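A.B. asks: Next input, structure requested:
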Amino acid sequence: QVQLVESGGGSVQAGGSLRLSCAADVYTYSRYCMGWLLQTPGKEREGVAVIDSDGSTSYADSVKGRFTISKDNAKNTLYLQMNSLKPEDTAMYYCAARSGRSCGPARTFGYWGQGTQVTVSS
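C.D. replies: The predicted model follows:
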């Protein structure tokens, strides 16, 4: 059973930083593509950053240079370091997993955590 538990969201002023964490079960963490997706009211979930089982990463253009996705193998935990936050980053962020070692579009991620809210004020 896939288990994804996020933490670390909150409210911050523009220019600030947050780090999101996602604790995963061992099987998912080691064999699946994992990533962070966001959703705003009335819109579909969209990809923010993904990392495959070999450690290759990919980012949405809007966050390149500001966000960093990483994994801690000792803790089976996925992270998203968010720097230089902007009001437009405000959204519900979800840790997600996609079966298989390679990553794909956001719509192909079949497993989700409960989500954590990030709010950036100007």
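A.B. asks: my guess is Tyr27 is in a helix, correct?
C.D. replies: Yes - with DSSP: H, G, I helix; E, B strand; the rest coil as the criterion, Tyr27 is assigned to a helix.
A.B. asks: tell me, what residue is most central in this structure?
C.D. replies: Trp36 (1.9 Å; CA atoms, centre = their mean).
A.B. asks: from what I can see that one touches Ala96, true?
C.D. replies: Yes - counting by CB atoms under 8 Å, Trp36 touches Ala96, with 7.2 Å between them. C-betas here are computed from N, CA, C, even on glycine.
A.B. asks: in this protein, which helix or strand is least confident?
C.D. replies: One helix or strand of the chain scores below all others by mean pLDDT, DSSP states H and E: helix 26-31, with a mean of 84.
A.B. asks: circling back: pLDDT at the residue nearest to the centre of the chain, what is it?
C.D. replies: If you check Trp36, the pLDDT there is 98.
A.B. asks: Now for it: which residues touch it?
C.D. replies: 20, 22, 47-50, 69, 78, 80, 93-96 (CB atoms under 8 Å, 6 or more residues apart in numbering).
A.B. asks: Same question for Tyr79.
C.D. replies: 19-22, 68-72.
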